[in-house]
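Q: build me a model from this:
(one chain, ligands or ions: 2)
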Amino acid sequence: MAQDLYQAPDYFHLDDLLTDEHKLIRDAAREWIKREVTPIIEDVAQKAEFPKQIIDGLAKIGAFGSFIPEEYGGSGLDHISYGIIMQEIERGDSGVRSTASVQSSLVMYPIWKFGSEEQKQKYLPKLATGELMGCFGLTEPNHGSNPSGMETKYKDMGDHYLLNGAKLWISNSPFADIAVVWAKNEKGRIHGLIVERGMKGFSTPETHHKWSLRTSATGELIFDNVKISKENLLPGKSGLGAPLMCLDSARYGIAWGAIGAAMDCYDTALRYAKERIQFGKPIAAFQLQQKKLTEMITEITKAQFLTWRLGVLRDEGRATSAQISMAKRNNVEMALNIARESRQILGAMGITGDYSIMRHMMNLESVITYEGTHDIHLLITGMDITGIPAFV
Ligand code: TGC
Ligand code: FAD
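A: Residues are numbered from 1 along each chain as shown. Ligands and ions are numbered 1, 2, ... in the order given. Okay, the predicted model is just below:
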């Protein structure tokens, strides 16, 4: 891949609204991405490999549980800091951000929010350092957008539970040490269970041949009469609302992350347009290219402010699920459109791995689908403003 010359666009001086701590966190993450991720990312994406060697670095920049209190090994930071870290990581690659989102919002968050004190002490510090890696099992072969219909179930056997079922499309599953799994009890109530690698009857086959999110390992979770200790049930909350709370945290991070991918595409396209000469001029001199670039920076700027405001609301405990859905939906679509336009600005060079744009574009096809599809987020906002659910 060509040298990483990234310069983050900040057209309306959003930096003025960040604290010194936010800027320090941002600069550390940005510098780490440039130094450790850019040099390897294209190669691992081409090979469709998860770069395990960066786990330690991710932990050191606070990518695992930045909002988890320090007593449990987290960094005790605010939600804007979490968002900024996700933005910088996704500037590098959405697949790497996925690994960090899952670990923070979908594994550490439910253990912190719904776990017993023993579970918090046992798992959170090791998840924060990356000594343990986790995954989150909600989606099933027959239940994607409608997780309430899940078929994975567990039975109370007196001194333990017996878990049966299957989860599909699970990020990190092929290498995760633990899985936070959502399953129904005999009464049909959804609960979270911590399943550990090595438990008899538990397997995690990898899903191959993805054209998108190739640096993230995706797989299944298969439970064939898995014996689960009763201590592994998350006692704090049951019902679909529990996994949906985790999704709020992850979707919030994705709203920030998508801006990172968009900024990287815009920055690459702007530099290329100023350097590429056609008809005796840099292509940036042509009105059609200026239109593309102007619309990109306008959309990025709008998304930056929407998302910063969402962060303030989340830090105040006032961000609603519907606001998070709106930001996730808007920003991912914005990033995908910018990736497509940027790729055109690069002409044929845009399809090569010498530039990051095509990789971002393919990654964003997953991001617009997972954590609630583009359609589902529209329906969540629609329900919020009309009071009428239109899912069924
Ligand atoms: P519904 O009847 O609306 O709600 C069920 C219960 O949940 C409550 N609730 C929430 N609670 C907390 N936070 C939220 N955001 C909540 N939304 C709803 C609700 O009040 C109710 O509570 P109660 O007490 O009355 O039972 O549920 P529904 O079955 O109609 O579904 C609603 C819908 C469609 C919005 C929901 O199912 C949904 O969001 N579907 C999309 C599924 C999804 O996003 N899956 C993501 C899987 S994980 C993933 O993709 C990880 S990718 C990670 C990576 O690599 O980065
Ligand atoms: P479906 O639900 O079958 O939807 C298909 C189409 O129908 C979509 O366009 C959808 O918008 C539309 N549709 C569905 N219902 C409605 C409706 N009511 N109204 C209008 N349109 C509708 N899941 C996890 O649990 N954990 C993970 O770690 C995880 N990681 C993932 C990683 C990747 C790379 C991918 C691609 C997915 C991952 N997922 C994960 C699964 C993801 O959350 C689901 O793919 C997503 O929720 C959509 O479910 P589905 O693919 O079954 O699509």
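Q: may I see the buried residues of stretch 69-80?
A: For stretch 69-80, burial by neighbour count (16 or more other C-beta atoms under 10 Å) applies to 72-75, 77-80. Heads up, the C-betas are built off the backbone N, CA and C, glycines and all.
Q: correction: the previous question concerned stretch 208-217.
A: Buried positions in stretch 208-217, judged by neighbour count with 16+ other C-beta under 10 Å: 210, 212-217.
Q: how about those in CSV, adding distance to residue 391, secondary structure and pLDDT?
A: Shown next, in CSV, are those (distance: C-beta to C-beta, whole Å; DSSP: H, G, I helix; E, B strand; the rest coil; pLDDT from 0 to 100):
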residue, distance to residue 391, secondary structure, pLDDT
210, 27, coil, 98
212, 25, coil, 98
213, 26, coil, 98
214, 31, coil, 98
215, 32, coil, 98
216, 28, coil, 98
217, 31, coil, 98
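Q: what's the closest of the residues you listed to ligand 2?
A: Nearest to ligand 2 among these is residue 213, at 4.4 Å by C-beta to the nearest ligand atom.
Q: residues in contact with the closest one?
A: Listed by C-beta atoms under 8 Å, 6 or more residues apart in numbering, the contact set of residue 213 reads 94-95, 98, 171, 362-363, 366-367.
Q: near ligand 1, which residues of the stretch 101-250 of the chain are found?
A: Residues of the stretch 101-250 of the chain found near ligand 1 (C-beta under 6 Å from any ligand atom) are 101-102, 136, 138-139, 145-148, 171, 239-241, 244-245, 247-248, 250.
Q: go through these and flag which are in helices.
A: If you go by DSSP state H, these have 101, 241, 244-245, 247-248, 250 in helices.
Q: picking up where we left off before, show me how to select, in PyMOL, the buried members of the residues of the stretch 101-250 of the chain next to ligand 1.
A: For the buried members of these, the matching PyMOL selection, counting by 16+ other C-beta under 10 Å, is:
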select buried, resi 101+102+136+138+139+147+171+245+247+248+250
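Q: number of residues surrounding residue 263?
A: For residue 263, the count of nearby residues is 26 (other C-beta atoms under 10 Å).
Q: how about the strand or helix carrying it, does it get close to ligand 2?
A: Here residue 263, judged by DSSP states H and E, is contained in helix 241-275. No - Helix 241-275 is not in contact with ligand 2 by C-beta under 6 Å from any ligand atom; minimum separation 8.2 Å.
Q: now do the buried residues in that helix.
A: Those would be 242-243, 245-273, for helix 241-275 by 16+ other C-beta under 10 Å.
Q: chain neighbours aside, what residue packs nearest to residue 273?
A: Spatial nearest neighbour of residue 273, excluding adjacent residues (C-beta to C-beta, 6 or more residues apart in numbering): residue 284 at 3.8 Å.
Q: where does the one you found land in three-state SS?
A: Secondary structure, DSSP: H, G, I helix; E, B strand; the rest coil: residue 284 is helix.
Q: do I have it right that it meets residue 291?
A: No - assessed by C-beta atoms under 8 Å, residue 284 is found out of contact with residue 291, at 11.4 Å.
Q: show me where the stretch 51-200 of the chain has its helices.
A: 55-60, 79-92, 94-101, 109-114, 117-129 (DSSP state H, counting those that start in this stretch).
Q: now the two most distant members of the contacts of residue 213.
A: Using C-beta to C-beta, the contacts of residue 213 reach their maximum pairwise distance at 171 and 362, which is 15.7 Å.
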